[in-house]
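Student: sequence below, structure please.
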Amino acid sequence: MLSRRVAGSLSRVASPSTSRLGSTFAHQDKLPPLPVPELNETCDKYIKWVAPILSADEHARTSQLVKEFASPSGVGPKLHAALLEWAKDKRNWLEPFWDDMYLGDRGMQPIHVSYTFMMNPIPLKDPLDIAAALISSSIRFKKLLDEESLEPDKDKDGPVSMDQYRKLFSACRIPLASRDQLRLAYCMDNASPAAPKHVVVIRKGRLYTLDVYNPDGTFRSYADIKADLEKIVAAAGTKYPPREQCFCLMTAGEREHGARIRQKILDADPKNHQVLDDIERSLFAVSLDDNAPETFTDAFNNSLSGEMRNRFYDKQINMIVYANGVVSWLMEHSGMDGHTVIRLFRHVFQDIHKGMDALRAPVTGGKGAPQTYRELMPVLNDDIKQLLIAAGKQLEGLKADTQVSTLEFTDFGADRIKTFKLSPDGFVQAMFHLSQLRLRGKIGSTYESCMTKKFYHGRTETLRTVSPEVKAFAEAVLANAPREEQIKLLTAAVNEHSNRGRMCANGRGVDRHLWGMKQIWIRQGSEMGIAEEPAIFKDPAFSRMRTDILSTSALGDPALKCFGFGPTADTGFGIGYSVHPQQMNFMLTSRVALGSELDRFIELLRASFREFADVLSSASAKL
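Tutor: Residues are numbered from 1 along each chain as shown. Predicted coordinates for the structure are as follows:
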């Protein structure tokens, strides 16, 4: 599985409210290239950042290896120089490594790589009303993107990368032998409108194309789209076809297995080429599920892996509408991160909350087509059917080994944390580590994604949140140190978290630079005369730092209840969380063997939040 998680982001992107023709990609060529940090700076940080997860003897050994690596006679300067040379003709030197990591991974997409958004409640209950609204609002957002009238995202320093918006619509991961491809309707050098005019609707394991534009290019009306959805539901019937006929399963298993299925489907009949092309080129997928998750945890479980016969996991966006009106989205991760999807997610949510008048308004000038939906029915031979069954079993095994839990913490949220003059995210991370220490007697390496979109084609840097400061705080709590000392240490830990976040957002983290030099060694080591893997990369400290005992990601928005993903280490937890003004929501995962530990961690986390809210409130009252 991939030992990284970039679904969300520590950094926030502003929410533009106005648009200007031709502005969407106007700033992209002006964005600075992703910098390569200084070697000595990275090595010094690495020694400090890895210290809290090592013993004194281990840290001394690692420090010596890092010193040898960075010395003039070491291999570090050679690899760093080669990385600088690699970066000379690339505005984002990390991008080729990203692509190889994601597309070269041979594991399963669901749980391992995909991530899911849960939408906050909306004032619609009829699932087909909701599905029609999702479609109608999304194609209006796409119109803004096609016209380049979508106002660019910005952070406090100015415009950020909009490159991932080219991958929102008509994007699909294609399983191939050895390395997948990401199929896009947008050329990377040309933001021309995507040609496809249909979505794929999945109901009872059957796939249908649904035209969402009229032949003259105008939007189909909300009423027409809903009417076709009603026809699709009726046509799909009340039962799933036999599993071997549910060809969504081609995306459920491991990538080499999926590549075999796809190729055999293409070889089975010439008509199958058009079927796969219709799916892969579609704007997005919409799953109409007939189950009705009653709890937050049930909804997360269904959304993360769910009814595999009713998901096409390789689509960039697979919207899911449940029978009781609950809405979630499932995203493919190789080309896009959560902080891009959230803008479309917010747009749809706001459209629905505006009362639906604009979406339901009659469309003028549009002329309907005689046939606006059709079922996709590939020819499947016995060999393909057996492979589909096997793919389903692969995912069933992973689902059976994945524990899913949630926490809705309603006592307080970001507003109260800010009254303590602390960063809400830094406070949450400190409570994670206090809970880790209480649970296991030690604190393990923790990943948090930090957005680097201020740079050309920027994605994320790894924010390692286990600092000496936060370890000192957690240990002081367990040692029953005076509360005044605990508060002082907590403040120092949160400040260090914010400091690291700023460094990472500015492209001056640790993980990506070290990983980049390792990638250079993998590609060029032999010709550079460095045949043996450098000792710094073989050192257990390096793999320990990159084994995410907590793989965390934060993303907040009024449209978003929370988001989640699978664990990236068999010995750890996956934690997606949303810190809202008045509450905090968490989606947590682990392997089943750690299920009781995960439940205990949640209880410790809840208790830690309450404990230190009381401690800080009491201290504030004394001032």
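Student: for the nearest residue to residue 568 once chain neighbours are set aside, which three-state class applies?
Tutor: Ranked by C-beta to C-beta, 6 or more residues apart in numbering and with sequence neighbours excluded, the top spatial neighbour of residue 568 is residue 551, at 4.3 Å. (Each C-beta comes from the backbone N, C-alpha and C, glycine too.) Secondary structure, DSSP: H, G, I helix; E, B strand; the rest coil: residue 551 is strand.
Student: for residue 551, give me its contacts.
Tutor: Residues in contact with residue 551 (C-beta atoms under 8 Å, 6 or more residues apart in numbering) are 4-5, 446-447, 565, 567-569, 572-575.
Student: JSON lines for the residues you listed, including distance to residue 102?
Tutor: Below are those laid out as JSON lines (distance: C-beta to C-beta, whole Å):
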{"residue": "4", "distance to residue 102": "9"}
{"residue": "5", "distance to residue 102": "12"}
{"residue": "446", "distance to residue 102": "22"}
{"residue": "447", "distance to residue 102": "16"}
{"residue": "565", "distance to residue 102": "14"}
{"residue": "567", "distance to residue 102": "18"}
{"residue": "568", "distance to residue 102": "13"}
{"residue": "569", "distance to residue 102": "18"}
{"residue": "572", "distance to residue 102": "20"}
{"residue": "573", "distance to residue 102": "22"}
{"residue": "574", "distance to residue 102": "17"}
{"residue": "575", "distance to residue 102": "21"}
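Student: okay if I get the residues you listed as a markdown table plus secondary structure, neighbour count and distance to residue 160?
Tutor: Written out in a markdown table, the entries for the contacts of residue 551 read as follows (DSSP: H, G, I helix; E, B strand; the rest coil; neighbours: other C-beta atoms under 10 Å; distance: C-beta to C-beta, whole Å):
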| residue | secondary structure | neighbour count | distance to residue 160 |
| --- | --- | --- | --- |
| 4 | coil | 21 | 20 |
| 5 | coil | 28 | 20 |
| 446 | strand | 27 | 25 |
| 447 | strand | 30 | 22 |
| 565 | strand | 27 | 23 |
| 567 | coil | 26 | 29 |
| 568 | coil | 23 | 26 |
| 569 | coil | 20 | 30 |
| 572 | coil | 24 | 30 |
| 573 | strand | 28 | 30 |
| 574 | strand | 28 | 26 |
| 575 | strand | 31 | 25 |
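Student: closest one to residue 416 out of those, please.
Tutor: Checking the contacts of residue 551 against residue 416 by C-beta to C-beta gives residue 575 as the nearest, at 20.7 Å.
Student: show the pLDDT at the closest one.
Tutor: What the model reports as pLDDT for residue 575 is 98.
Student: tell me how many other residues crowd the spatially closest residue to it that is not a sequence neighbour.
Tutor: If the residues on either side of it in the chain are set aside, residue 575 comes closest to residue 552, at 4.5 Å by C-beta to C-beta, 6+ apart. Counted with other C-beta atoms under 10 Å, the burial measure for residue 552 works out to 26 neighbours.
Student: now stretch 580-589: buried residues?
Tutor: Across stretch 580-589, burial judged by 16 or more other C-beta atoms under 10 Å covers 580, 584-589.
Student: would you quantify the distance from residue 447 to residue 135?
Tutor: For residue 447, the distance to residue 135 under the criterion C-beta to C-beta, to the nearest Å works out to 35 Å.
Student: which regions of this structure sit below the pLDDT cut-off?
Tutor: 1-22, 186-194, 355-359, 361-371, 621-623 (pLDDT under 70).
Student: all strands for the stretch 1-150 of the chain, in order.
Tutor: Remark: strands of the stretch 1-150 of the chain, listed N- to C-terminal, are 115-119; assignment by DSSP state E, counting those that start in this stretch.
Student: for the stretch 351-500 of the chain, same thing?
Tutor: Counting by DSSP E, counting those that start in this stretch, one finds strands in the stretch 351-500 of the chain at the ranges 373-376, 402-409, 446-451, 460-464.
Student: now do the buried residues in the second one.
Tutor: Across strand 402-409, burial judged by 16+ other C-beta under 10 Å covers 402-407, 409.
Student: from these, which is closest to residue 494?
Tutor: Proximity of those to residue 494, judged by C-beta to C-beta, is greatest for residue 409, which lies at 18.0 Å.
Student: so who does the nearest residue to that closest one once chain neighbours are set aside touch?
Tutor: If the residues on either side of it in the chain are set aside, residue 409 comes closest to residue 584, at 4.5 Å by C-beta to C-beta, 6+ apart. For residue 584, the residues meeting the contact criterion (C-beta under 8 Å, 6+ apart) are 407, 409, 412-414, 428, 577-578, 609.
Student: now distance to residue 317 too, for those, in JSON lines please.
Tutor: Written out in JSON lines, the entries for these read as follows (distance: C-beta to C-beta, whole Å):
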{"residue": "407", "distance to residue 317": "26"}
{"residue": "409", "distance to residue 317": "29"}
{"residue": "412", "distance to residue 317": "33"}
{"residue": "413", "distance to residue 317": "28"}
{"residue": "414", "distance to residue 317": "28"}
{"residue": "428", "distance to residue 317": "28"}
{"residue": "577", "distance to residue 317": "22"}
{"residue": "578", "distance to residue 317": "19"}
{"residue": "609", "distance to residue 317": "33"}
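Student: burial of residue 63, as a residue count?
Tutor: Close neighbours of residue 63, defined as other C-beta under 10 Å, add up to 18.
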